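[1] fold the following and give me the result.
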Amino acid sequence: MAEKQSKWIADQLPGNFDLETCNDLEKKWTEEFRDLESLCKNFLPPCRMTSHTEDCKNRYHDISPSEEHRIHLLCPEGGESDYINADLCSPESPSQTPLILTQAPMQNTICDFLLMIYQKNVKLIICLAPSTEESEDYLNSIPSTTCKINSAKTQEKRIGKLDIEIWHSALKIDNTNFEFDVLRVMNWLDKTMPDPISDLIDLIFEIEAMYTEGPLLIHCLAGVGRTGVIAFGWRLLENIRSGLHPQTKDLLFDLRQFRRQLIPSLQQYIGIQILRQCMYDKLKM
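    Just a heads-up that it's a prediction; the model follows:
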């Protein structure tokens, strides 16, 4: 298994790396990941405890937003709670984009999800959990009379091995019209990394080309794994564009201050280490 992992790392990294070097890198990154988990446990506040009513709006009972950074809805439908399982990752400089990191909506949270899009002026959504993963299809199915949506697929394309759909949606909430776009990745499996990693870099460049203004909303099923990978890649690209060179561990720690459980698996942590090196190489930094 170790040799197989080292071979995968060697195949992904730019340049020529022998298996022994890649095995050493794997050990180094594994130790880093363990250190990061310990650091987050000791220095970051735990995830927010939810009430019974709010817990019904969590896809997983052990994944919830932070108290400090969670999004508060204004006058949600029914007026019972301002709760939604979503965190706002605020920019540290004017050159950075606000990020909304969230779970895929469930049947009972679709209206809350669309209300958040409208209230936060989201113009672009990155959907990493298509409806085949028990994610509700919020582009077509709305269980509400006060919230209506018309969506149309405008493009299908491939980015390497990734199947992509582009959708344009017109949303109407309480007689107010709002439009946004959705980039859907149809075949990126949960708890994995795109293979090759170069496809992931091209996906991030595609998102950069589509982005115009407002917060960038990213979601997978739980809002921590694939969501964290894209959030990391986006912040990494912004840093590189600004002439900065953050280390993987430091950048992920910064992101976890907003959404505590981002990138919970070692495999994805190794993946973003490779992503960092490949992106620097591609941009010749």
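[2] low-confidence ranges in the stretch 51-200 of the chain?
    76-80, 131-135, 141-143, 145 (pLDDT under 70).
[3] where exactly do the helices run in it?
    Taking DSSP state H, counting those that start in this stretch as the test, the helices found in the stretch 51-200 of the chain are 52-55, 110-119, 197-210.
[4] just put those in JSON lines and tack on mean neighbour count and distance to C127.
    Every C-beta, even on glycine, is put in place using the N, C-alpha and C of the backbone. Formatted as JSON lines, the helices of the stretch 51-200 of the chain follow (neighbours: other C-beta atoms under 10 Å; distance: least, C-beta to C-beta, whole Å):
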{"stretch": "helix 52-55", "mean neighbour count": "12", "distance to C127": "23"}
{"stretch": "helix 110-119", "mean neighbour count": "22", "distance to C127": "11"}
{"stretch": "helix 197-210", "mean neighbour count": "18", "distance to C127": "11"}
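[5] rebuild those helices as TSV, extending it with distance to Q268.
    Supplementary listing: these in TSV, determined by distance: least, C-beta to C-beta, whole Å:
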stretch	distance to Q268
helix 52-55	26
helix 110-119	24
helix 197-210	11
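[6] between these, which one is closest to C75.
    helix 110-119 (8.4 Å; C-beta to C-beta).
[7] and that closest one, what does it pack against?
    Applying 3 or more C-beta pairs under 8 Å, 6 or more residues apart in numbering; DSSP states H and E, we find helix 110-119 packed against strand 99-102, strand 147-159, strand 162-173, strand 176-185.
[8] gap between the spatially most central residue of the chain and F113?
    Ranked by distance to the mean C-alpha position of the chain (C-alpha atoms, centre = their mean), the top residue is T227 at 2.0 Å. T227 sits 14 Å away from F113, going by C-beta to C-beta, to the nearest Å.
[9] buried stuff in the longest helix along the chain?
    Among the segments of the chain that qualify as a helix by DSSP state H, the longest is helix 19-43. With burial defined by 16 or more other C-beta atoms under 10 Å, the residues of helix 19-43 counted as buried are C22, N23, L25, E26, W29, E32, F33, L36, C40.
[10] could I get those as CSV with distance to G214 and pLDDT?
    Listed next are the buried residues of helix 19-43 as CSV, based on distance: C-beta to C-beta, whole Å; pLDDT from 0 to 100:
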residue, distance to G214, pLDDT
C22, 40, 96
N23, 44, 95
L25, 38, 97
E26, 39, 96
W29, 34, 97
E32, 34, 97
F33, 33, 97
L36, 30, 96
C40, 29, 92
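[11] distance to L255 added to those, as TSV?
    As requested, the buried residues of helix 19-43 are exported to TSV (distance: C-beta to C-beta, whole Å):
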residue	distance to L255
C22	26
N23	28
L25	22
E26	22
W29	17
E32	15
F33	14
L36	11
C40	11
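[12] what's the closest of those to H52?
    Comparing these against H52 with C-beta to C-beta places C40 closest, at 27.0 Å.
[13] and the pLDDT for the closest residue to the closest one other than its chain neighbours?
    The shortest distance from C40 to any non-neighbouring residue, by C-beta to C-beta, 6 or more residues apart in numbering, is to R256 (5.5 Å). What the model reports as pLDDT for R256 is 96.
[14] which residues are in contact with R256?
    Counting by C-beta atoms under 8 Å, 6 or more residues apart in numbering, R256 makes contact with C40, L44, L262.
[15] what do you get if the cut-off is 10 Å, keeping everything else the same?
    The contact partners of R256, taken as C-beta atoms under 10 Å, 6 or more residues apart in numbering, are 36-37, 39-40, 43-44, 66, 89, 224, 228, 262-264.
[16] could you measure it against F180, distance?
    Applying C-beta to C-beta to R256 and F180 gives a distance of 27 Å.
[17] and for S242?
    S242 is 27 Å from F180, by C-beta to C-beta.
[18] between those two, which one's more packed in?
    Using other C-beta atoms under 10 Å, the more surrounded residue of S242 and F180 is F180, with 21 against 10.
[19] is the more buried one bridged to anything, and to what?
    Beta-bridge partners for F180, by DSSP bridges, are S169.
[20] again, but for T176
    Going by DSSP bridges, T176 is paired in beta bridges with I173.
[21] thought it was touching Y118?
    Yes - counting by C-beta atoms under 10 Å, Y118 is a contact partner of T176 at 7.3 Å.
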